[in-house]
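Participant: Make a model of this:
(one chain, ligands or ions: 2)
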Amino acid sequence: MNAAVVIPTYNERENLPELTSEILRYDGYRIIVVDDDSPDGTGAVADDLAAKHAGRLSVIHRHGARGLGRSLVAGLMRALTEGAELIFQMDADLSHDPKYLPVMAAAAADADLVLGSRYLRGISVVNWPLHRIILSTLANRYVRAVTGLDETDCTTGFRCWRREALARLPLEGLISDGYAFLVEQLYLARQLGCRVREVPIIFIERREGASKLSAAVLLESAIVPWRLRLKR
Ligand SMILES: Nc1nc2c(ncn2[C@@H]2O[C@H](COP(=O)(O)OP(=O)(O)OP(=O)(O)O)[C@@H](O)[C@H]2O)c(=O)[nH]1
Ligand SMILES: [Mg+2]
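Facilitator: Numbers count the residues shown, from 1 in each chain. Ligands and ions are numbered 1, 2, ... in the order given. Okay, here's the model as predicted:
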């Protein structure tokens, strides 16, 4: 197994040590943290972890305007450069359980992109208030209706790529930066003919730290599906 797990972070100092130690229990997995100059000092926490797990955990420190999309691009490109065969992306807030890493890796045996899906078997989210469930479910319906995608969870941040598929994506050219980035990434993958598979996950809402969901990010998520559709 030659896998890299890309983890974008913004103010996740309480979550990162636990998450990374759980991931590193699996042989053949290494971690690339992409920190956006978090005010809470996540970058320094990540550097300490990199020193402790030399060779298995590295950190990209970004400065200037922050963004989930740009951070993922930086981490995914580093993973490709380092020669990883399977490349994961997951959230830092313990919402994505590392126990699914081997499950998703196995599913990637006959898929180019594996999605860890919250909606494959009903709704598998724990500790979300009703309004979050409604928002996320409606967002997924909206994305599917506008773009024509047919995956049940088009906005999941838990993904596993086969190297060859990821290398074909024009990562630098993606237009969106918030959660819409995830939709655009999936859309491009489908356009390129990637075989996409979903595996069910149980998503657990963060216990520590704060959400970064903002009005600007929501607005972008509403517009990007239309831009993708009109570009087609
Ligand atoms: N590098 C970087 N990471 C980010 C940025 N915004 C969010 N993230 C990370 O992206 C992941 C998902 O963000 P969350 O804030 O958990 O978003 P969410 O899961 O929709 O919201 P919650 O309900 O709070 O969990 C987390 O690991 C964040 O730390 C950013 O601007 N830059
Ligand atoms: Mg989260």
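
Participant: and the residue nearest the centre of the chain, helix, strand or coil?
Facilitator: The centroid of the chain falls nearest to Gly157 when counting by Cα atoms, centre = their mean (3.2 Å). Under DSSP: H, G, I helix; E, B strand; the rest coil, Gly157 falls in the coil class.

Participant: check contacts around it.
Facilitator: Gln89, Met90, Asp91, His96, Tyr179, Leu182 (Cβ atoms under 8 Å, 6 or more residues apart in numbering). From N, CA and C alone the C-beta is placed, and that goes for glycine too.

Participant: From these, which land in strands?
Facilitator: Counting by DSSP state E, the part of the contacts of Gly157 found in strands is Gln89.

Participant: Of all the contacts of Gly157, the one with the weakest confidence?
Facilitator: Note: of those, the lowest pLDDT belongs to Tyr179, at 86.

Participant: For it, which non-adjacent residue is spatially closest?
Facilitator: Ser221 (5.4 Å; Cβ to Cβ, 6 or more residues apart in numbering).

Participant: closest to ligand 2 among the contacts of Gly157?
Facilitator: Asp91 (4.8 Å; Cβ to the ion).

Participant: what's the closest non-adjacent residue to Ala139?
Facilitator: Thr155 (6.0 Å).

Participant: Report the distance from stretch 42-52 to the chain centre.
Facilitator: 20 Å (Cα atoms, centre = their mean, to the nearest Å).

Participant: can you list the residues that contact it?
Facilitator: 9-13, 16-17, 20, 33, 35, 37, 57-59, 61.

Participant: coming back round to it: can you lay out the contacts of Gly157 as a markdown table showing distance to Ile134?
Facilitator: Formatted as a markdown table, the contacts of Gly157 follow (distance: Cβ to Cβ, whole Å):
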| residue | distance to Ile134 |
| --- | --- |
| Gln89 | 25 |
| Met90 | 24 |
| Asp91 | 20 |
| His96 | 21 |
| Tyr179 | 16 |
| Leu182 | 19 |
